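> everything below, folded, please.
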Amino acid sequence: MSSKGLTFLAFIAGAGIGSVCTWQLLKRKYELIAQEEIDSVKAAYAERESGKEFRDGLKVAEDRTPKDVDDMDFKKYASIIQKEGYTDYSKTVEEKKGEAFVEKPYVISPEEFGEFEEYEKISLTYYADEILADENDEEVDDVEEIVGKESLNHFGEYEDDSVFVRNDRLKCDYEILLDQRNYSDVVKTMPHRMEE
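Prediction:
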């Protein structure tokens, strides 16, 4: 055999031996990493099962049971919410004494306007003389039932000249635009309107 053949054969043998050694080292390394992860998970699970660290995802002091924590914390939070007058808008219909109770209309952010496809989007105008009118400049009769009178006090909360209101009972989102003119002046300029 020539020297080139011996060199090539030595190169192939060296590459093979190097590959096998590298494979063995990497195999051992990743087996150790996997075993450490398994041991870590086992330890965390054992600690969780012992009940000293967590109960239902909440950190619990060792001298209190989860029932004590639930009763104490939720009663405390419920009293704060009730005292501050917060409303849970995520629930639109509640059962109260056997009959359905429907929440009143409430103010929403501009980003929430039109987020439900099944809700109709309606634009209204609120004039300086405190008249609410629809898109045809017809006066809205029952403001309280449609958008709630309280919502008309929220101009400037999100935007200076508009308020967005959701009425879950009617499945409508209302955009109420502020107009600095008086409703009576606007009606006078409408030729198609007949006096009643």
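> would you map out the domains in the chain?
3-50, 105-188 (automatic domain parsing).
> for those, which one ends up most surrounded?
Highest mean neighbour count among the domains of the chain (mean count of other CB atoms under 10 Å): domain 105-188, with a mean of 15. All C-beta spots, glycine's among them, are computed from the backbone N, C-alpha and C.
> quick check: pLDDT value at residue 46.
The model reports residue 46 with a pLDDT of 82.
> that one: what secondary structure?
Three-state call for residue 46 (DSSP: H, G, I helix; E, B strand; the rest coil): helix.
> now it: how far from residue 18?
According to CB to CB, to the nearest Å, residue 46 and residue 18 sit 42 Å apart.
> strands of this protein, start to end?
Using DSSP state E, the strands of the chain run over 54-55, 58-59, 93-96, 99-102, 106-108, 120-127, 132-133, 162-167, 172-179.
> as a whole number, average confidence for stretch 184-196?
70.
> picking that back up, the domains of the chain: which one's closest to residue 77?
domain 105-188 (21.1 Å; CB to CB).
> the closest one: end-to-end distance?
31 Å (CA to CA, to the nearest Å).
> what of stretch 161-171?
Using CA to CA, first and last residues of stretch 161-171 are 23 Å apart.
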